[in-house]
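Trainee: pasting a predicted model and its sequence here:
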Amino acid sequence: MKHLLILILFLATPALAQDLTHKAAPQSHPILIKNAVVHPVSSPTISDGGVLFDQGVIRAILNQGQLDELVRSPNLPPNTLIIDADGKHVYPGLIAPYTQLGLTEIQAVRQMQDTTEVGDITPEASAAIAINPDSTLLPVTRSNGVLLAGVFPIGGVLPGRAAAIRLDGWTSDDMTITPGGGLILRWPSMRTISAWWMDRSESDQQQDIRRGLQRITDVFDTALAYRNAKDADPTHPTDLRWEAMRPLFPADLTPITENAVGIDPALAPATQLPLFILANDIDQINAAVAFCLERGLRPVIVGGRDAPNAADLLNRHDIPVIVNGTHVMPRRDDAPYDDPFTLPARLHEAGIRFAIANNDDTAHERNTPYSVATAVKHGLPRDAALRALTIEAARILNIADRYGSLETGKSATLILTSGDPLEVMTRVERAYIDGREIDLSNKQTTLAQKYRERYRQMGQLKDEAEKP
């Protein structure tokens, strides 16, 4: 009986993590949001304008004069749903650029973790196919305006391929925008540690560093050799690991020799996938960028605590940074207390392109806008902060052709809010992904309604008991 009870509890655990909200149906009629403060991001704010979208695509961004003319015009389809925003705000859907959404549910339960493959070198692992579309964390996150996300596997040196996803869909295929949005590389520490807890000698640590760098070199040299062999002879046996790495290399890169170098990342074509490199220290960043320049790779630095110190290098080669959170502690004892808070402002001042991630438990991705708000409080201009949550994140994830700003011809992925999404008191009142209106309810809102009803009933019983 004891074993049966344990089995029942084990089987019931996943049921506690099921999203029971309805998935949105495709847009069936045109929608016009009028009398709104429209924030296109890619162009100046329109104080009293509107957005018209149909079949999931933005058809027009309108100022007040254009809006009045359209409403009176016979060109407006008769079945258009007109939403009077009454001075509320329209923003592009916010983007969380670095998450494990859909790969984890309850972090204390090992069976609910699908973030890490077995082995250190697994470039063939794809986050897209592992995403759980029924995760309860998805509706909680999108209810705060975060409608898109970059999902990254973790663990090991080369943990796999990232994906850009929509936070709504019946299946992982429905949710996926780009299944192979780039590979992740964890760059080894380049410094020895002399702390009291370190039990390895400096020479042993230096040997570990050399071994780690050589392993990365061997992996990429093997992948490039495979690419060249496969291009020369399509019948060459297929290896899924190296096949997954082929899009990292530029099409016209010759095999590396002493007299041949790679291509500047700033000149790389958009079809070439980025390499997301987890690196924080200046020597990590310098070494990683030099490695990528030699091989013609397109690096994106994830973390980048010392990135302002490498501004010349990053700007010269147009290498962006994903700031991995502002609500973290300084890395060094002698660093200012507000070092993480001011990092985005310092990147902005240095001219480095960047987006801002949350770097908290996956259950708290809904708080991504507030990580950005902390950067605003510590010197980041508000328009740059909004760009970091939208268009810059979209560019880094290679989805800016469809998402990240409100422009004619782009996806109608947007939110209607009561105010600035960086403010805690702002409510997201409507949300659309590809024109589909998203259900903004979630487990927490359902529980709130449940217990409000309880206290309403208790109040009724009390009132009846007090009647004479």
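Mentor: Structure received. Numbering: from 1, shown residues only.

Trainee: wait, what's in contact with L52?
Mentor: L52 is in contact with 30-33, 58-60, 62, 70, 80, counting by CB atoms under 8 Å, 6 or more residues apart in numbering. Backbone N, C-alpha and C define where each C-beta goes, glycine included.

Trainee: show me what counts as buried in the host helix or strand of it.
Mentor: Per DSSP states H and E, L52 falls inside strand 46-54. Using 16 or more other CB atoms under 10 Å as the test for burial, strand 46-54 gives 46, 48-54.

Trainee: average pLDDT across that strand?
Mentor: For strand 46-54, mean pLDDT is 95.

Trainee: next secondary structure after that strand?
Mentor: Strand 46-54 is succeeded, C-terminally, by strand 57-62 (DSSP H and E).

Trainee: counting contacts, what elements does the helix or strand following that following strand pack onto?
Mentor: Once the chain leaves strand 57-62, the next helix or strand it forms, by DSSP H and E, is helix 64-72. On a contact count with 3 or more CB pairs under 8 Å, 6 or more residues apart in numbering; DSSP states H and E, helix 64-72 meets strand 31-38, strand 46-54, strand 57-62.

Trainee: make a markdown table out of those and add distance to A350.
Mentor: Below are those laid out as a markdown table (distance: least, CB to CB, whole Å):
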| stretch | distance to A350 |
| --- | --- |
| strand 31-38 | 30 |
| strand 46-54 | 31 |
| strand 57-62 | 31 |
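
Trainee: and of those, who's closest to D360?
Mentor: Taking CB to CB, strand 31-38 is the member of those nearest to D360, at 29.5 Å.

Trainee: contact partners of the closest one?
Mentor: By CB under 8 Å, 6+ apart, strand 31-38 touches 45-54, 61-62, 67, 70-71, 76, 80-90, 406, 412, 416, 432, 435.

Trainee: show me the contacts for T408.
Mentor: 58-61.

Trainee: element containing it?
Mentor: Going by DSSP H and E, T408 is not in any helix or strand.

Trainee: just the closest of the contacts of L52 to G296, please.
Mentor: I58 (35.5 Å).

Trainee: any idea what that closest one is bridged to?
Mentor: In this entry, I58 is beta-bridged to F53, by DSSP bridges.

Trainee: next one: it from E407, what distance?
Mentor: Distance from I58 to E407, counting by CB to CB, to the nearest Å: 7 Å.

Trainee: low-scoring stretches of the stretch 1-150 of the chain, by residue?
Mentor: Along the stretch 1-150 of the chain, segments meeting pLDDT under 70 span 1-17.

Trainee: all helices for it, in order.
Mentor: For the stretch 1-150 of the chain, helices defined by DSSP state H, counting those that start in this stretch occupy the ranges 2-12, 64-72, 127-130, 137-142.

Trainee: who's in contact with the residue sitting nearest the centre point of the chain?
Mentor: In the chain, the C-alpha nearest the mean C-alpha coordinate belongs to P97, at 2.1 Å (CA atoms, centre = their mean). Residues counted as contacts of P97 (CB under 8 Å, 6+ apart) are 149-150, 322, 355-357, 393, 396-397.

Trainee: quick revisit: which two of the contacts of T408 have the greatest separation?
Mentor: R59 and I61 (9.1 Å).

Trainee: which of these two has more neighbours?
Mentor: More crowded of R59 and I61, by other CB atoms under 10 Å: I61, with 22 against 16.

Trainee: A strand includes L416, no?
Mentor: Yes - counting by DSSP: H, G, I helix; E, B strand; the rest coil, L416 is located in a strand.

Trainee: ok, the closest residue to it other than its chain neighbours - contacts?
Mentor: Counting by CB to CB, 6 or more residues apart in numbering, the nearest residue to L416 once its immediate chain neighbours are dropped is R430, at 4.1 Å. By CB under 8 Å, 6+ apart, R430 lies in contact with 83, 415-416, 437, 440.

Trainee: out of the residues you listed, who's the most crowded?
Mentor: Result: I415 is most packed of the contacts of R430 (other CB under 10 Å), 26 neighbours.

Trainee: quick one: it and D361, what's the gap?
Mentor: 23 Å.

Trainee: coming back round to it: looking at the helices and strands packed on helix 64-72, which is nearest to A388?
Mentor: Closest among these, using CB to CB: strand 31-38, at 19.4 Å.

Trainee: give the pairing partners of that closest one; include direction for each.
Mentor: strand 46-54 (antiparallel), strand 81-84 (parallel), strand 89-92 (parallel).

Trainee: dump those to TSV, plus distance to R211.
Mentor: Shown next, in TSV, are the strands paired with strand 31-38 (distance: least, CB to CB, whole Å):
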stretch	distance to R211
strand 46-54	54
strand 81-84	60
strand 89-92	45
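
Trainee: and these: which comes nearest T374?
Mentor: strand 89-92 (18.8 Å).

Trainee: just how off-centre is that closest one within its chain?
Mentor: 18 Å (CA atoms, centre = their mean, to the nearest Å).

Trainee: and stretch 294-304, by the same measure?
Mentor: Its chain's C-alpha centre and that of stretch 294-304 lie 17 Å apart, by CA atoms, centre = their mean.

Trainee: now do that stretch: distance from first to last residue.
Mentor: Stretch 294-304 has an end-to-end distance of 21 Å (criterion: CA to CA, to the nearest Å).

Trainee: flag the shaky bits of the stretch 251-400 of the chain, pLDDT-wise.
Mentor: Using pLDDT under 70, the stretch 251-400 of the chain drops low at 253-270.

Trainee: do that again at 80, thanks
Mentor: Residues of the stretch 251-400 of the chain that meet the criterion pLDDT under 80 lie in 251-271.

Trainee: more crowded one of I58 and E407?
Mentor: Neighbour tally, I58 and E407, criterion other CB under 10 Å: the higher count belongs to I58, 22 against 16.

Trainee: would you confirm that that one contacts S42?
Mentor: No - I58 is beyond contact range of S42, at 11.6 Å (criterion: CB atoms under 8 Å).

Trainee: give me the common contacts of those two.
Mentor: What both I58 and S42 touch, as defined by CB under 8 Å, 6+ apart, is the set 406-407.

Trainee: ok so, going back, dump the buried residues of strand 46-54 into JSON lines; add distance to L422 as well.
Mentor: Shown next, in JSON lines, are those (distance: CB to CB, whole Å):
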{"residue": "I46", "distance to L422": "19"}
{"residue": "D48", "distance to L422": "22"}
{"residue": "G49", "distance to L422": "21"}
{"residue": "G50", "distance to L422": "23"}
{"residue": "V51", "distance to L422": "20"}
{"residue": "L52", "distance to L422": "26"}
{"residue": "F53", "distance to L422": "24"}
{"residue": "D54", "distance to L422": "30"}
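
Trainee: kind regards, and thank you for your time.
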